[in-house]
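Peer 1: Need coordinates for the following:
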Amino acid sequence: MAMYLRKSTRRYKDKTYTNHLLVESVYTPKGPRQKTICSLGDLQPRPRGEWLKLVHKVENALVGQEDLFAEGAADEEVQAIVERVRARQARGAGEPSDIDTQVVSVVTDQVETERHREAGPEHVGRVFWERLGVGEILAGLGLSERMRGLLCAMTLNRLIDPKPEYAMPDWIRSTALDDMLGMDFSALAEDALYRAMDEVYPHRIAIESALAAREENLFHLDRTVFFYDLTSTYFEGLAKRNSKAKRGYSRDKRRDCKQVVVALVVNRDGFPLLHEVLEGNTQDRKTLPRILDLLEARLGLRPGQTAVVDRAMAYPENLEELRRPERGLHYIVATRQSERDQFLADLDDLEGFKEVLRVPSPNNPFQKKSTIRVKMKASGAETYVLCLSSERSEKDRAIRETHEQRLLADLAKLERRIAHGRLVNPVKIGEAIGRIKERYPRVARYYVIEYDPETKRFSHLVDAKKRAQAEELDGSYLLHTDRTDLTAEDFWRIYMLLTRAENAFRDLKSPLALRPIHHHAETRVDTHIFLSILAYHLLVAIEKTLLDQDVHTSWETLRDLLKTHQVCTVVLPTDTGAVLRIRKASTPEPIHRQIYDLLHITSPVIQPRKTWTEPQNKA
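Peer 2: Next up is the predicted model:
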């Protein structure tokens, strides 16, 4: 360690201030640099020879050598300096930076900050993009670094603040993605994003299959159970250039719009295994054989796997498809409403339920305590399982009570029509009663609705016993399976799997904004959906990392909390007229640090960078 003094002066309000800095010369990859050890203040009252003695004493003390000729007063001064140096070293430990340590005299009244950009959500998204190895997969497929950067930015847009492609360039420029990815987006236009979509289109299946394999190893995912379901997303416009755009059953309640159907297979933890874009008028019940064939071709089906499908596909031909010996699959299906009602009618009482208790997480005390109760009934080689969720029962009760109010209102209207003589034909009255029962099947089953032609009296009475039973069964699911080896705890986990898979579709539509679609070309539509699926890979990986620590917090919550972590440029005008600009991330707030710790993110948002601007009048 070779130390020496450097003199620094600055003028302020017609006065000159002098400061002596203790510095050492260090070698860096950019050449020799001066590293400031500490400030010694103004040493001028003492002779210059004393300055050098003080430097040598401090240097010897820092390396552990004693000065045999030291005097008491000087020892106290040296000890105070050494303590300051070591305290400064302790504060800076573990915080490496590529910025050269340098002391400058700054005009504090002119210090500014500029180019503030959102960085927190983008930092998390980029880290998980790298953690899942998406960039490596794209590089292996021959995509250029520029294309990989554009696809990363587009995917993060869908994860953080979904925009149509024409609005994405402005959003990208409003974030710190240029700093993070090392790319210049100042002249980015939408055409470049469309080219990136066209380039990635042929590789969608390869990317999805490679991601599924990586995630299985990275998160130790279970492949014994997979869930298959469908959703739809609609178009803005006529979509004449897309042969898949058809009118069909709209889950978005937009029957006026053309749509496509999206088939999605996820595993127990919600990670996508496969997706396919189908024609908008595709019937759910006819898609299962095709999806199973695709799953076999892309990832391979394993003997003994259990397929879980929704009630829209719970038809005999699909169960037969799953039972085919060459597939070797088991199944668990959520039954249709008619089958559920038949099962409920066979219940003589509400006894025989087994309870699985779900308690709040210690890391999430605001999570509601809920219980799951299950009751199994064997029927030949199959088993029916009725699941009751206390958490869902409140929603079901509200729906049932709403339907009951509407039923009673319609019955009152019918009663007034009969009483006023506007409806007298007994056949017509019977038809009106039948229509009301058909309109409200959930609640009409525990009402006795009658019309006596002889007395011309209309009546409707509630069956209190059946109504009480219906209240007890609020929040119920009926599962149908060919497995006989599952316990009550296993079926509860299957119930949770159903919830997780439903959440996958919910996340795709909000917050990932899969709908509506503004593209018309079929390839662009398919790629738009693929980028949403890619963003969902990141989302579920983030939430899985939290769930493994028993933290039940959504990505939406994290995203909003992280928006205040930003990158900016600190502008430091010096007394020489030169200006130093330092581009760096703000200091993370406690909530930011907590989130990064939970997600095991230790890397900085960006490495600080500095640039100098010389005085305009410099010769």
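Peer 1: after the lengthiest helix in the chain, next one along is what?
Peer 2: When the chain is scanned for its longest helix (criterion: DSSP state H), the result is helix 390-419. Sequence-wise, the next helix or strand downstream of helix 390-419 (DSSP states H and E) is helix 426-439.
Peer 1: in that next one, what's buried?
Peer 2: By neighbour count with 16 or more other Cβ atoms under 10 Å, helix 426-439 contains the buried residues Ile429, Ala432, Ile433, Ile436. All C-beta atoms are positioned from the backbone trio N, CA, C, and that covers glycine.
Peer 1: likewise stretch 561-568?
Peer 2: Neighbour counts over stretch 561-568 (16+ other Cβ under 10 Å) mark Leu561, Leu562, His565, Gln566, Val567, Cys568 as buried.
Peer 1: next one: stretch 407-420
Peer 2: Buried-residue list, stretch 407-420, by 16+ other Cβ under 10 Å: Leu407, Leu411, Leu414, Glu415, Arg417, Ile418.
Peer 1: Not counting its own residues, what contacts it?
Peer 2: 423-424, 429, 432-433, 436, 439-440, 443-444, 447, 449, 451, 456, 458, 460 (Cβ atoms under 8 Å, 6 or more residues apart in numbering).
Peer 1: what does stretch 327-335 give?
Peer 2: Outside stretch 327-335, the residues that reach it (Cβ under 8 Å, 6+ apart) are 292, 296, 301, 303-311, 313-314, 318-319, 321-323, 343, 384, 477-483, 494, 498.
Peer 1: avg pLDDT for whichever helix or strand His56 is part of?
Peer 2: Assigning secondary structure by DSSP H and E places His56 in helix 48-62. Mean pLDDT, helix 48-62: 72.
Peer 1: and it, what other elements does it pack with?
Peer 2: For helix 48-62, the elements it packs on are strand 3-12, strand 15-28, helix 72-92, judged by 3 or more Cβ pairs under 8 Å, 6 or more residues apart in numbering; DSSP states H and E.
Peer 1: which of the buried residues of stretch 561-568 lies closest to Arg6?
Peer 2: Minimum distance to Arg6 across the buried residues of stretch 561-568 is 29.9 Å, recorded for Cys568 (Cβ to Cβ).
Peer 1: Just the buried ones from the contacts of stretch 327-335, in ChimeraX syntax?
Peer 2: With 16+ other Cβ under 10 Å as the criterion, this ChimeraX line picks the buried residues out of the contacts of stretch 327-335:
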select :292,301,305,306,307,308,309,310,311,313,314,318,319,321,322,343,384,477,478,479,480,481,482,494,498
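Peer 1: Among the contacts of stretch 327-335, name the ones in strands.
Peer 2: The strands, defined by DSSP state E, take in Thr306, Ala307, Val308, Val309, Tyr384, Tyr477, Leu478, Leu479, His480, Thr481 from those.
Peer 1: for those residues, which one is nearest Val111?
Peer 2: Using Cβ to Cβ, the ones in strands among the contacts of stretch 327-335 come closest to Val111 at Val308, 59.9 Å.
Peer 1: Do I have it right that the closest one meets Val266?
Peer 2: No: the criterion here is Cβ atoms under 8 Å, and Val308 misses it with Val266 at 9.6 Å.
Peer 1: show me where pLDDT drops low in the stretch 251-400 of the chain?
Peer 2: Residues of the stretch 251-400 of the chain meeting the criterion pLDDT under 70: 337-351, 357-370.
Peer 1: neighbours of the closest residue to Gly430 other than its chain neighbours, just the number please.
Peer 2: Once flanking residues are discounted, Gly430 sits nearest to Tyr451: 6.8 Å by Cβ to Cβ, 6 or more residues apart in numbering. A count of nearby residues for Tyr451, using other Cβ atoms under 10 Å, gives 19.
Peer 1: Show me which positions of the helix or strand hosting Tyr451 end up buried.
Peer 2: Assigned by DSSP H and E, Tyr451 belongs to strand 447-452. Going by neighbour count (16+ other Cβ under 10 Å), the buried part of strand 447-452 is Tyr447, Ile449, Tyr451.
Peer 1: hang on, the earlier thing: and the helix holding His56, what's buried?
Peer 2: Buried-residue list, helix 48-62, by 16+ other Cβ under 10 Å: Lys53, Leu54, Val55, Lys57, Val58, Glu59, Asn60, Ala61, Leu62.
Peer 1: what do you get for stretch 529-547?
Peer 2: 529-547.
Peer 1: With stretch 179-198 instead?
Peer 2: Buried positions in stretch 179-198, judged by neighbour count with 16+ other Cβ under 10 Å: Asp179, Met180, Leu181, Met183, Phe185, Leu188, Ala192, Leu193, Tyr194, Ala196, Met197.
Peer 1: what does it contact?
Peer 2: So stretch 179-198 is in contact with 117, 119, 122-123, 126, 146-147, 149-154, 165-166, 168-169, 172-173, 177-178, 523-524, 527-528, 531, 567, 583, 605-606, going by Cβ under 8 Å, 6+ apart.
Peer 1: From those, list just the buried residues.
Peer 2: Buried residues within the contacts of stretch 179-198, counting neighbours by 16+ other Cβ under 10 Å: 117, 119, 122-123, 126, 147, 149-154, 165, 168-169, 172, 177-178, 524, 527-528, 531, 567, 583, 605-606.
Peer 1: Just those residues: which are in helices?
Peer 2: Assigned to helices by DSSP H, the following of the buried ones among the contacts of stretch 179-198 qualify: 122-123, 126, 147, 149-154, 168-169, 172, 177-178, 524, 527-528, 531.
Peer 1: which residues in the stretch 251-400 of the chain form helices?
Peer 2: Using DSSP state H, counting those that start in this stretch, the helices found in the stretch 251-400 of the chain span residues 288-298, 316-323, 337-345, 390-419.
Peer 1: Export those helices as JSON lines, with columns for distance to Gly352.
Peer 2: Shown next, in JSON lines, are the helices of the stretch 251-400 of the chain (distance: least, Cβ to Cβ, whole Å):
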{"stretch": "helix 288-298", "distance to Gly352": "32"}
{"stretch": "helix 316-323", "distance to Gly352": "26"}
{"stretch": "helix 337-345", "distance to Gly352": "13"}
{"stretch": "helix 390-419", "distance to Gly352": "18"}
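Peer 1: Can you give me the domain assignment for the chain?
Peer 2: Each domain of the chain is listed here as a residue range: 1-102, 392-472, per automatic domain parsing.
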